[in-house]
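# Please find the sequence and the predicted model below.
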Amino acid sequence: MLILHGDDQVASRQALLTVKEGKSTLEFMGSNLTLDQLVNAVETNSLFGQANTVVIERAFAKKEISEYLTKNQDKDIIIWEPKDVSVKVKDFKNVQKFDLPKHIFKFLDSPSLSTLHLALSTAPVEVVFASLATRAHKRANTKWLQQLLIIDYKLKTGALPYNLTTALELWCAKL
């Protein structure tokens, strides 16, 4: 069993794709998965006699699934969680955590062109933008949030005359 989790969803998702490469997989969403489905998927071989790798996204959504996984850590199961679930996986052996690069937090704590460029050197612009929007929302910074929503809307509708990196640079310059 391998558990991939953490706040850096891009890196953890890339690791998931790499681990799955060349394997015969059965994939499930934890919120829709029943214990019977999981047991059948883990215990049954594919049509060609080889065991399937079971991939579960958000496996810790249900208690009975979590309990089964804890008792069956030797099985060929890959779990992907889109956030940090360190508390839930402390009893598991093979866990990889993907944290956001520290430069993103420097940018979020004090947005400027220099901290933006440092953040962009370690993470995709979309991750930096999403982190900034989340921070503005959590801190109830309505001014920032409104500006970021305008950028997001224009980006998604094709009305933004430049790319997202340039939009964030201009946003920083206006602070």
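Structure's in. What do you need?
# Only C-alpha atoms from now on, for both contacts and neighbour counts.
OK.
# hey, where'd the strands end up in this structure?
According to DSSP state E, the chain carries its strands in the segments 2-5, 25-29, 53-57, 77-80, 95-97.
# So which residues make contact with the second one?
Around strand 25-29, the neighbours that count as contacts under C-alpha atoms under 8 Å, 6 or more residues apart in numbering are 41, 52-59.
# How far away from the center of its chain is it?
Between the mean C-alpha location of strand 25-29 and the chain-wide mean there is a distance of 17 Å, by C-alpha atoms, centre = their mean, to the nearest Å.
# cool, and the first one?
The chain centre lies 11 Å from the centre of strand 2-5; the measure is C-alpha atoms, centre = their mean.
# How about the last one?
Per C-alpha atoms, centre = their mean, the displacement of strand 95-97 from the mean C-alpha position of its chain is 12 Å.
# Alpha carbons of the helix ranked longest in the chain, in CSV - could you do that?
Looking across the chain with DSSP state H, the single longest helix is helix 142-157. Output of helix 142-157 as CSV, limited to C-alpha atoms (Å, rounded to 0.1, in the frame of the first residue of the first chain):
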residue,chain,number,x,y,z
THR,A,142,-12.5,41.3,0.6
LYS,A,143,-10.4,43.7,-1.4
TRP,A,144,-7.9,41.1,-2.4
LEU,A,145,-10.6,38.5,-3.0
GLN,A,146,-12.6,40.8,-5.3
GLN,A,147,-9.5,41.6,-7.3
LEU,A,148,-8.6,37.9,-7.6
LEU,A,149,-12.1,36.9,-8.6
ILE,A,150,-12.0,39.5,-11.4
ILE,A,151,-8.7,38.0,-12.6
ASP,A,152,-10.1,34.5,-12.4
TYR,A,153,-13.3,35.5,-14.3
LYS,A,154,-11.4,37.2,-17.0
LEU,A,155,-9.0,34.4,-17.4
LYS,A,156,-11.8,31.8,-17.7
THR,A,157,-13.8,33.9,-20.1
